[in-house]
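A.B. asks: Structure, please.
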Amino acid sequence: MITIIVGTNRPDAISRKLAEQYAEMLQQKFGQPAQLLDLQELPVDFISTALYEHTGKNEAFNAVSNFISHSEKLIFVLPEYNGSFPGVLKAFIDGLAYPNTFRNKKAAMVAISNGTQGGLLAMSHLTDIFNYLGMHVLANKVRIPQIQNHFQDGRVVTPFYLELMEAQAGQFLSF
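C.D. replies: Reported below is the predicted structural model:
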């Protein structure tokens with residue numbers, strides 16, 4: 001099963017809309033269903049009730065953790081926050097079972113930003129973490145800089161970026 005993770009818990013995030021568009025593309029172009037995990041669905045108190053000495057004690061977080069552990073492939077939609085990815089994603093990763101949640105699984109990344117780098121550093125930072133955790137990351141990473149210029153009515157509309165996402169999806173399915 002492929003899971004697309006919305007890498008932020010920001011309400012009404014562009015990342016969520018892009019994740020939905022990516023899932024739709026996987027289904028329509030490749031016949032591949034995907035499930036979404038929006039970090040907004042995390043328990044609001046998970047940092048204090050599911051990490052460290054509290055591992056395994058928050059049933060709502062355990063359900064999300066179980067959801068991830070049963071995913072074979074993961075696609076991360078990352079907004080760029082302060083030159084990296086959102087802290088909620090790092091806290092989420094830290095709360096998952098170490099080291100086996102990500103070991104030998106496969107990941108792809110799509111990053112967006114309001115600036116000109118398109119989430120390049122966010123993907124680099126997350127790739128380093130996943131390499132450490134033993135996850136295989138697809139080299140073809142899609143980045144969409146100045147997302148506001150390429151996003152209309154809740155969707156990426158620029159043909160170039162749509163082609164990049166479709167090429168990445170095709171590679172990821174055979175990865």
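
A.B. asks: only C-alpha atoms for contact and neighbour calcs from this point on.
C.D. replies: OK.

A.B. asks: ok, H136 touching D128?
C.D. replies: No: counting by Cα atoms under 8 Å, H136 does not reach D128; the two are 10.7 Å apart.

A.B. asks: So for those two, which residue has more residues nearby?
C.D. replies: The neighbour comparison of H136 against D128 (other Cα atoms under 10 Å) goes to H136, with 19 against 12.

A.B. asks: Can you pull the phi/psi pair for the more buried one?
C.D. replies: Phi and psi for H136, reported as degrees, to the nearest 10, are phi -90, psi 120.

A.B. asks: what bridges to it?
C.D. replies: Note on H136: beta-bridge partners K106, judged by DSSP bridges.

A.B. asks: which neighbours do H136 and D128 share?
C.D. replies: Common contacts of H136 and D128 (Cα atoms under 8 Å, 6 or more residues apart in numbering): none found.

A.B. asks: Okay, strands next: where are they in the chain?
C.D. replies: In the chain, the segments counted as strands under DSSP state E are 2-6, 34-38, 73-79, 106-112, 136-137, 142-144, 151-152, 155-156.

A.B. asks: Who are the contact partners of L37?
C.D. replies: Neighbouring residues of L37 by Cα under 8 Å, 6+ apart: T3, I4, I5, V6.

A.B. asks: Need those residues in a markdown table (columns: pLDDT).
C.D. replies: Below are these laid out as a markdown table (pLDDT from 0 to 100):
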| residue | pLDDT |
| --- | --- |
| T3 | 98 |
| I4 | 98 |
| I5 | 98 |
| V6 | 98 |
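
A.B. asks: Format those residues as a markdown table; extra columns: neighbour count and distance to I47.
C.D. replies: Output for these, formatted as a markdown table (neighbours: other Cα atoms under 10 Å; distance: Cα to Cα, whole Å):
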| residue | neighbour count | distance to I47 |
| --- | --- | --- |
| T3 | 22 | 22 |
| I4 | 25 | 22 |
| I5 | 22 | 18 |
| V6 | 26 | 18 |
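
A.B. asks: From the residues you listed, pick the one nearest L164.
C.D. replies: For the contacts of L37, the residue nearest L164 by Cα to Cα is I4; the value is 16.8 Å.

A.B. asks: Specify the beta-bridge partners of the closest one.
C.D. replies: On the basis of DSSP bridges, I4 is bridged to L36, I75.
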